[in-house]
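> Whatever this is, show me its structure:
(one chain, ligands or ions: 1)
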Amino acid sequence: MAVDQPTQQSAKLASSALKMVVGGESVDAADGQTFDVVNPADGKTIATAPLGGKEDVDRAVAAAQKAFEDPKGWANWAAGKRGRTLAKLADIVKKNSEELAQLESRNTGKPITSARGEIIGASLVFDYYAGAANKVFGQTIPVSKPGLDLTLREPIGVCGLIVPWNFPLLMASWKLGPALAAGNTVILKPASLSPMTAIRVAELALEAGFPPGVFNVVTGPGGSAGAALAGHPGVGKVAFTGETTTGQEIMRLASNNVKKVSLELGGKSPNVVYADADLERFAAESPYSVFDNCGQDCCARSRILVERSAHDKVVELFADATRKVKVGDPADDKTEVGTLVSFKQRERVERYIEIGLEEGANLVVGGVEPDDEALKGGAYLMPAVFDGVDNDMRIAKEEIFGPVVSIIPFDTEAEAIRLANATPYGLSGSVWSRDIGKALRTAKGLQSGVLSVNSNSSVHTEAPFGGYKMSGIGRELGMSAMDLYTEVKNIFIDLR
Ligand code: NAD
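Down below sits the predicted model:
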């Protein structure tokens, strides 16, 4: 399907003026300002969205506080009833998944098949936390005074959820699911580049039976709407996914009222490849681990650390596999890599290609705009493989957030671990070896929150996800996420 022919379902949203969802109502920004939402595959404006600011955040916080404090409201519903409402949302998202996937693909340039997978993924996250709602337990504790000591896990209150543009609805679902299951009320602030599915899912939540004010969406720039939310005294917790520098600013803003903060930030993750690994399988499967979503993935394995004796073979196999990656129109079912999220993002990545060449690295394949005339109007870039890279070069140190990988040789296990850890980040990574002892020693040595062995898989709805060092604070997904959205209250009862 051509990108400028939306489905009947999405036609309404894709051609219209979007509205925020506040207190159960669809509203414009208080001052009526809007911004354009653009399709990076052709540069065309597909909708306008409200340019929310401080006044809009104040209104959303007031609505969320009212919903939270309602004695018969969401926070005071039986946990199982909240779970059933989340399950309904999971179901409605699944039923509307084609519409949501079309919106996500047109808004971000990601292949439609990836967008479909992400929307179903978001629905599964809602489903998981539907089940979690009534499984958040307190403890009884044998204290030294005579009596009974017990803990309660309670919702925090109003949560501000600030998300990026790379996996818009999926990243939002990781926060919405546990926050809502625990009984909080929320204000979701999507990235300005990708507001469409956030708005649509808040509308669907009203259909699912969420009371007004429980799930609000404010759209607008990070520096105004996002900062107002992160600093708002009525917000008890802020959960953020985005760049590390933005995360640092969020921490500063949240310190106003000592908000709880959880952060999922950037990465510069390694793929450590030993010579005894199944190199053919590594090379066939691993382009996905760095070029998926056009490299705009916090978990992207953007450094391949390869044992020197296997270096030349890995360069050859990986470059061949990269040439086979199908770059094309995001609306085409066969496309594996679509566009970058914007023309500005492509310029940024192209600058890194120049930096790599200036630093003396060898560009083996890609790094240029495609020859295909049909793709000239979009923010496309062919996946790039550099070898001859030193771990101290900027292309090996900085998060490029584009389809670029650096291949770096090592000689010993100890050197592999040292190079892998020589970064301020610590999010993800993989180890490839047929020697399970060596693979596990390496995995244990890596300072990363999410690792895989002989696999690129880093995200599992049921398992904790998050970063060491400057890649973040806290663990999302699994039951760990419930800790991020609950306070613990200890009660001692004197039994005399
Ligand atoms: P970004 O930091 O520019 O923006 C993220 C969100 O923060 C957006 O909604 C933005 O509007 C808002 N924001 C920006 N400035 C703000 C401010 N001063 N106060 C409050 N909010 C503000 O990030 P991005 O470019 O949208 O996303 C890419 C980054 O996200 C990459 O660094 C990537 O690694 C990271 N990321 C991390 C994970 C993870 O789980 N660790 C997942 C996805 C993306």
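> tell me the contacts of the closest residue to Met479 other than its chain neighbours?
The shortest distance from Met479 to any residue other than its chain neighbours is 6.4 Å, reached at Ala132 (Cβ to Cβ, 6 or more residues apart in numbering). The way it works is simple: take the backbone N, C-alpha and C, and place the C-beta from them, glycine included. Contacts for Ala132 (Cβ atoms under 8 Å, 6 or more residues apart in numbering) come out as Gly83, Gly177, Pro178, Ala181, Met479, Met482.
> Near the nearest residue to Ala172 once chain neighbours are set aside, how many other residues are there?
Spatial nearest neighbour of Ala172, excluding adjacent residues (Cβ to Cβ, 6+ apart): Val163 at 4.9 Å. Residues within reach of Val163, counting by other Cβ atoms under 10 Å, total 27.
> what sits against Val163?
Met171, Ala172, Lys175, Leu188, Lys189, Pro190, Ala191, Ala198, Phe240, Thr241, Gly242.
> burial measure for the fifth one, as a count.
Read it as Lys189. So Lys189, with other Cβ under 10 Å, has 31 neighbours.
> Wait, it touches Leu161, no?
Yes - when contacts are counted by Cβ atoms under 8 Å, Lys189 is listed as touching Leu161 (6.9 Å).
> so Gly177 is in which element?
Element membership for Gly177, per DSSP states H and E: helix 168-181.
> tell me what that helix is packed against?
Judged by 3 or more Cβ pairs under 8 Å, 6 or more residues apart in numbering; DSSP states H and E, the packing partners of helix 168-181 are helix 79-95, helix 97-108, helix 112-132, strand 158-162, strand 185-189, helix 196-208, strand 237-241, helix 480-484.
> picking up where we left off before, quick check, pLDDT for the residue nearest to Met479.
What the model reports for Ala132 is a pLDDT of 98.
> Quick check: it vs Lys489, distance?
19 Å (Cβ to Cβ, to the nearest Å).
> His311 too?
56 Å.
> what do you get for Ile162?
Counting by Cβ to Cβ, the gap from Ile162 to Lys489 is 27 Å.
> try Ser114
42 Å.
> Which one's more surrounded, these two?
Each of Ser114 and Lys489 has its neighbours counted (other Cβ under 10 Å); Ser114 has more, 22 against 11.
> Now do the same contact list for the more buried one.
Ser105, Asp292, Asn293, Gly338.
> Between all of the residues you listed, which two are separated the most?
Ser105 and Asp292 (14.1 Å; Cβ to Cβ).
> Comparing these two, which shows the higher neighbour count?
Ser105 (28 against 20).
> Pull the contacting residues for that one.
Pro111, Ile112, Ser114, Ala115, Pro330, Ala331, Gly338.
> and the last one, how many neighbours does it have?
In this case it means Gly338. Gly338 - counted by other Cβ under 10 Å - has 30 other residues nearby.
> which residues does the residue lying closest to it once chain neighbours are set aside contact?
Spatial nearest neighbour of Gly338, chain neighbours left out: Pro330 (3.5 Å); criterion: Cβ to Cβ, 6+ apart. With contact taken as Cβ under 8 Å, 6+ apart, Pro330 is in contact with Val3, Ala41, Ser105, Arg106, Gly109, Lys110, Pro111, Ile112, Ala115, Gly338, Thr339.
> can you tell me which of these lies nearest to Glu359?
For these, the nearest to Glu359 is Thr339 (26.3 Å; Cβ to Cβ).
> That closest one touches Arg106, doesn't it?
No - when contacts are counted by Cβ under 8 Å, Thr339 is not listed as touching Arg106 (10.9 Å).
> Mind listing the shared neighbours of the two?
Joint contacts of Thr339 and Arg106 (Cβ under 8 Å, 6+ apart) are Ala41, Pro330.
> give me the element Ala416 is part of.
helix 413-421.
> Let me see the mean pLDDT of that helix.
Mean predicted lDDT for helix 413-421 stands at 98.
> buried sites along the helix or strand just after it?
Per DSSP H and E, the first helix or strand lying C-terminal to helix 413-421 is strand 430-432. In terms of neighbour count (16 or more other Cβ atoms under 10 Å), strand 430-432 has its buried residues at Ser430, Val431, Trp432.
> filter the residues you listed down to the ones close to the ligand.
For the ligand, no contacts are drawn from those by Cβ under 6 Å from any ligand atom.
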